[in-house]
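Student: requesting a structural model of the entry that follows:
(chains A and B)
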Amino acid sequence: MKNKKHIDELFKERFNNHETTPPPHVWDNIQAELQAKKKERKVIPLWWKLGGVAALLALLFTIGNSVFNTEENSKELVTEETTAPVPTDSETNEGERIYNNTQVASETDEKSTETNDDENLLNQKQASDTNKASKNSLSSQKSNKSAVAVENTSKQKIKNSVNKTTTTSEKRINKDKTPVSTGIEKDATVIASETANDNLEDSLKNNSDTAIASEKSSSNQTEQQREKNKGLINTENVISDLSTDKVGENNTETATAKTETKVIKETDKKSIFDEIDDVKKEKEAIAKTNKPQNRWDVAPNVAPVYYSSLNGGSSIDPMFADNSQSGDVNISYGVQVAYNITDRLSVRSGVNNVNLGYSTGGVEIGTGPVAFGLRTIDYNGKSNVIIATDKGGLQQLNAPEDGFGSITPKSTGGNAQIIQDISYYEVPLELKYALLNNRFGINMIGGLSTLFLGNNEISVEDGGFRSVLGEANNLNSLSFTTNVGVGFDYKISKRLKFNVEPMFKYQLNPYKDASVGFKPYYIGLYSGLSFKF
Amino acid sequence: MTLDKLILKCKKQDSKAQGALYKRYSGVLFSICLRYSPNKTEAEDNLQDAFLTIFKKIEQYKGKGSFEGWIKRITVNTVLQKYRKQRVYNIEDEAQIEQEDDVTVETETIPLDFLLKIIQELPDRYRLVFTMYVMDDYSHKEIAKMLGISDGTSKSNLARARGILKTKIDNYNP
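Tutor: Residues are numbered from 1 along each chain as shown, chains lettered A, B, ... in the order given. Purely as a prediction, here's the structure:
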């Protein structure tokens, strides 16, 4: 053996303390690699974090905006009602005009069919009784006349056409009525008093004209009495209402509108019913156009999910950072509920069970004292455990100076792998915007998910041998992901859609220790059926 | 700068500290790489990989044991990862009985470059075993584990390496 030593000695001596300065390009390469890594490390997560923040802001903004918008919508609806009687407005307006016209028409019809002299006298008496009140109302109405002058002409035209068959004196009455009625339309509280006032006015003006007085029908008489009573009340209201704000007007308007319809019902049933129905339908139609019929979607879904890390690294131990790692394909399933803010934009949430798996290769396995165990694993108080290390690691751990006892190697070929299984309960909050919204739809999806940690388990596997080491103790029980994805859907029917959504979810804070250079994400291909209701 | 401070800064991925660390240890580690690699170019590549691993794993160095020993181990491991997978072609060697031949050589006149050259010329496995055993004081048991071979193979590889080296030294003509 002496001789052997000799050649060994030769090499040992000559290479002892031997140093060779490497060529400078080696350091240049190292520096370049390090900088590239730094950039990767810093830029990508920041980008995703910013992306997440942006998505969150967009989400909050949209929700806020939609809430704000619905308020505006309700306001608009109210103002529509108030402005409805104004001539420039459309359908509802016309409807109301028709009310008035038909009302007048029916009144005049009845008037023409039934005449009673005695009742004329009554009318005249009533007219004088309510004289004061009507004057008050008239004075207030006059102020509105000029403003609604444009309407008067158009109204008169319509009325004229409606009342073609009526006599000239009746036309005159109608003409006399119009300024009053338009005044009423603008100042809705007067609507109920309209007929009363009109009749009063007419009867006052045409006091001497018995022909007109006679046209006041007996059937209208009782109504007129009621109307007059209302008129008295309402004319009082007119003065006070003129000074009150819009909302007040709106309220009183709706109230008076009801009384008006009642009056109309009493005067003529059939034709006015139709009109009311029409108007109701129109209003419903307007309401429908403002709100989609089915705003809610429920979508059970299932997805294969692939778990991986953006920058390698290892969540289990930094010594595995450069080992071969591969994400496992697992399953996520759950149900989502979406609320359609508009036709194109919806906000959705739900709950999903997500199972993620990740394996780290090139691992050696042995059994030994827990002191050699991985510090990220909770071994449940066992003293002798399965130890997994980087390849060659058992050798280092077994160095005699450690004094913890020795490890019995089980697999040193580096073929073993560590498998981490994590399950989360995911609650997403996402926005979905339809880029294409036909039978086939394309959507952009972005948002955040909150992950609640379920089970987690780290195990080792070598060939057929698999053993659970324990739970990872460095996982956050509550973490978040930023989500982006594209959704494709096919509308099978009005209520039923088939969805396929490839989603990318980047985990923001899965691990307690920030030193773990592991930036996991998962990709899922979510598919399912969504039902509208 | 003390070594501790240097290590601390390297843990924070401070590029100046990394440069200083490289300056301090690149000579020693390059020497190791030269011995474990088949040629200078690959030695350079391996040195690069070793340093990248060191900078990456330096967080794990907890100050137990010498730092130089730690980085040497990483370097050896890095190189081993690359060459241990390559199997030695002439398997019958492994069955060979350990050579008991005389392996003494004339030592004085042989330049280091030549010694390095003949090590590099060895088949991968022989080179690794010889270098590990002779110059880095690994035991056959350790070598067997690290290379995934048996103790016997390690021993016979070593003997075979010695034989090849002896022949080349004996034939050395300056």
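Student: any stretches of the chain with poor pLDDT?
Tutor: You didn't say which chain, so I picked chain A. A:1-5, A:38-52, A:64-272, A:283-293, A:312, A:394-406, A:514-517 (pLDDT under 70).
Student: actually, chain B is the one I wanted.
Tutor: Checking chain B against pLDDT under 70 turns up B:85-103, B:106-108, B:174.
Student: where along it do the helices fall?
Tutor: Here chain B has its helices, by DSSP state H, at B:3-11, B:15-36, B:40-57, B:67-83, B:92-95, B:112-121, B:124-130, B:140-147, B:151-170.
Student: among those helices, which is nearest A:Leu451?
Tutor: Among these, the nearest to A:Leu451 by C-beta to C-beta is helix B:40-57 (28.1 Å). C-beta: built from backbone N, CA, C; applies to glycine.
Student: anything in that closest one near chain A?
Tutor: Yes: Helix B:40-57 lies within reach of chain A by C-beta under 8 Å from any C-beta of the partner chain, at B:44, B:47-48, B:51-53, B:55-57.
Student: pull out the buried residues from that helix.
Tutor: B:40, B:42-57 (16 or more other C-beta atoms under 10 Å in any protein chain shown).
Student: and the helices in chain A?
Tutor: Going by DSSP H, chain A shows helices at A:2-15, A:24-83, A:91-113, A:117-129, A:131-145, A:149-162, A:168-186, A:191-205, A:210-215, A:218-243, A:246-267, A:270-290, A:393-397.
Student: quick one, what contacts A:Arg375?
Tutor: For A:Arg375, the contacting residues are A:Asp317, by C-beta atoms under 8 Å, 6 or more residues apart in numbering or on different chains.
Student: make that A:Leu448, sorry
Tutor: So A:Leu448 contacts A:52, A:55-56, A:59, A:428-430, A:480-483 (C-beta under 8 Å, 6+ apart).
Student: now the residue of chain A found nearest chain B: closest residue in space that isn't a chain neighbour?
Tutor: Relative to chain B, the nearest point of chain A is A:Glu19 (3.2 Å; C-beta to the nearest C-beta). Sequence neighbours aside, B:Gly27 is the residue nearest to A:Glu19 in space, at 3.2 Å (criterion: C-beta to C-beta, 6 or more residues apart in numbering or on different chains).
Student: please apply the same query to A:Thr408.
Tutor: A:Thr367 (5.1 Å).
Student: ditto for B:Ser37
Tutor: B:Ala43 (4.0 Å).
Student: what's the distance between that neighbour and B:Thr75?
Tutor: Going from B:Ala43 to B:Thr75 by C-beta to C-beta, to the nearest Å gives 11 Å.
Student: between the two, which contacts overlap?
Tutor: Joint contacts of B:Ala43 and B:Thr75 (C-beta under 8 Å, 6+ apart) are B:Cys33.
Student: contact partners for A:Asp8?
Tutor: Contacts of A:Asp8 (C-beta under 8 Å, 6+ apart): B:133-134, B:162.
Student: please repeat the previous calculation with a cut-off of 6 Å.
Tutor: Residues near A:Asp8 by C-beta atoms under 6 Å, 6 or more residues apart in numbering or on different chains: B:Val134.
Student: spell out which residues of chain A are next to chain B.
Tutor: When proximity is defined by C-beta under 6 Å from any C-beta of the partner chain, chain A lies next to chain B at A:3-4, A:6-8, A:10-12, A:14-15, A:18-22, A:26-27, A:29-30, A:33, A:318, A:392, A:395, A:412-413.
Student: hmm, stretch B:131-150 touching chain A?
Tutor: Yes: counting by C-beta under 6 Å from any C-beta, chain A is contacted by stretch B:131-150 at B:134-135, B:142, B:145-146, B:148.
Student: contacting residues around that stretch?
Tutor: Under C-beta under 6 Å, 6+ apart, the answer for stretch B:131-150 is A:8, A:11-12, A:15, A:392, A:395, A:412-413, B:35-36, B:80, B:84, B:129, B:151, B:154-155, B:158.
Student: of these, buried ones?
Tutor: For the contacts of stretch B:131-150, buried by 16+ other C-beta under 10 Å: A:8, A:11, A:15, A:392, A:395, A:412, B:35-36, B:80, B:84, B:129, B:154-155, B:158.
Student: of those, closest to B:Ile169?
Tutor: Relative to B:Ile169, the closest of those is A:Phe11; by C-beta to C-beta it sits at 10.0 Å.
Student: list the contacts for the closest one?
Tutor: B:134-135 are the contacts of A:Phe11 under C-beta under 6 Å, 6+ apart.
Student: around the residue in chain B that chain A sits nearest to, how many other residues sit close by?
Tutor: Using C-beta to the nearest C-beta, B:Gly27 is the residue of chain B that sits closest to chain A, at 3.2 Å. For B:Gly27, the neighbour count with other C-beta atoms under 10 Å in any protein chain shown is 14.
Student: quick check: it touching A:His18?
Tutor: No: between B:Gly27 and A:His18 there is no contact under C-beta atoms under 6 Å: 8.6 Å.
Student: for the most centrally placed residue in chain B, which non-adjacent residue is spatially closest?
Tutor: Note on chain B: the residue nearest the mean C-alpha position is B:Tyr36, at 3.9 Å, using C-alpha atoms, centre = their mean. Nearest non-adjacent residue to B:Tyr36, counting by C-beta to C-beta, 6+ apart: B:Val79, 4.1 Å away.
Student: just B:Lys72 next, same as before
Tutor: Using C-beta to C-beta, 6+ apart, the closest residue to B:Lys72 is B:Ile32 (6.4 Å).
Student: ok, A:Trp296 - contacts?
Tutor: A:339, A:533.
Student: for A:Ser479, see how far away it is.
Tutor: Applying C-beta to C-beta to A:Trp296 and A:Ser479 gives a distance of 29 Å.
Student: if we can go back for a sec, just the helices of chain B: most buried one?
Tutor: helix B:124-130 (a mean of 24; mean count of other C-beta atoms under 10 Å in any protein chain shown).
Student: is that one positioned near chain A?
Tutor: No: Helix B:124-130 stays clear of chain A (C-beta under 6 Å from any C-beta), getting no nearer than 8.0 Å.
Student: sorry, back to before: JSON lines for the contacts of A:Leu448, including distance to A:Asp343 and neighbour count?
Tutor: Below are these laid out as JSON lines (distance: C-beta to C-beta, whole Å; neighbours: other C-beta atoms under 10 Å in any protein chain shown):
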{"residue": "A:Gly52", "distance to A:Asp343": "27", "neighbour count": "20"}
{"residue": "A:Ala55", "distance to A:Asp343": "21", "neighbour count": "20"}
{"residue": "A:Leu56", "distance to A:Asp343": "24", "neighbour count": "17"}
{"residue": "A:Leu59", "distance to A:Asp343": "18", "neighbour count": "17"}
{"residue": "A:Pro428", "distance to A:Asp343": "22", "neighbour count": "21"}
{"residue": "A:Leu429", "distance to A:Asp343": "21", "neighbour count": "18"}
{"residue": "A:Glu430", "distance to A:Asp343": "18", "neighbour count": "24"}
{"residue": "A:Phe480", "distance to A:Asp343": "30", "neighbour count": "18"}
{"residue": "A:Thr481", "distance to A:Asp343": "28", "neighbour count": "26"}
{"residue": "A:Thr482", "distance to A:Asp343": "26", "neighbour count": "23"}
{"residue": "A:Asn483", "distance to A:Asp343": "23", "neighbour count": "23"}
